[in-house]
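Peer 1: just to be clear, the model below is a prediction. Sequence and coordinates:
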Amino acid sequence: MANKQLIGVPAPFGTLTTTLGYTGVLTSVNKVQSHSLRDDFDKADLKNGDGSIIGRGATNRQHSVSVEVIFFDASVEATARSATKLAAMFALVLIAGSGLGGNPGFLDGNWNYDGGSYDGRMGDFHKYTLNLWRGGAGAEPAALPLAT
């Protein structure tokens, strides 16, 4: 997206500054095309003797996000193809530069890879969708470290 200009009320637009990287993949060989974040948590209802809800509790906040990327090279398609790598199971994936929610914000930071899909078709760029997760104990969801 070149030369962006907004008019009226400014709002987040595009994913231009968002980067994604993981083991074997540099942020300089892919472009984030889209991201879709989900904010979930466990809920418990407190009911009185009649079954009416008189209170609620929430715990275990978790975030999941799907990020679509396109791998590229500045000059050679074959290099872009060789730079295309699937993430390892539960690999740490770093998202940076979105600026959403401040710093570190709710999108930037480490995530655990939770599966994905790779889509290549005639007449279109190849796209890799990574499903990412973070949760665990603590005040805010965080990626879990890999166990050794």
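Peer 2: That came through, no problem.
Peer 1: switch to C-alpha atoms for all contacts and neighbour counts from now on
Peer 2: Fine.
Peer 1: and the helices in this protein?
Peer 2: Taking DSSP state H, the helices of the chain run over residues 77-83.
Peer 1: how about the residue nearest the centre of it: what's its closest non-neighbour residue?
Peer 2: The centroid of the chain falls nearest to residue 65 when counting by CA atoms, centre = their mean (4.1 Å). Of all residues not flanking residue 65 in the chain, residue 37 sits nearest, at 4.2 Å (CA to CA, 6 or more residues apart in numbering).
Peer 1: please name the residues that touch the residue nearest to the centre of the chain.
Peer 2: Residue 65 sits next to 35, 36, 37, 38, 131, 132, 133 when contact means CA atoms under 8 Å, 6 or more residues apart in numbering.
Peer 1: again with residue 96
Peer 2: 18, 19, 20, 107, 108, 109.
Peer 1: what separation do you get for it and residue 59?
Peer 2: Using CA to CA, to the nearest Å, we find residue 96 at a distance of 27 Å from residue 59.
Peer 1: what do you get for residue 110?
Peer 2: Counting by CA to CA, the gap from residue 110 to residue 59 is 21 Å.
Peer 1: looking at these two, which one has more neighbours?
Peer 2: residue 110 (22 against 12; other CA atoms under 10 Å).
Peer 1: from residue 91, how far off is that one?
Peer 2: Relative to residue 91, residue 110 is positioned 10 Å away (CA to CA).
Peer 1: ok, the closest residue to residue 44 other than its chain neighbours - contacts?
Peer 2: The shortest distance from residue 44 to any residue other than its chain neighbours is 5.1 Å, reached at residue 57 (CA to CA, 6+ apart). Residue 57 is in contact with 43, 44, 45, 46, counting by CA under 8 Å, 6+ apart.
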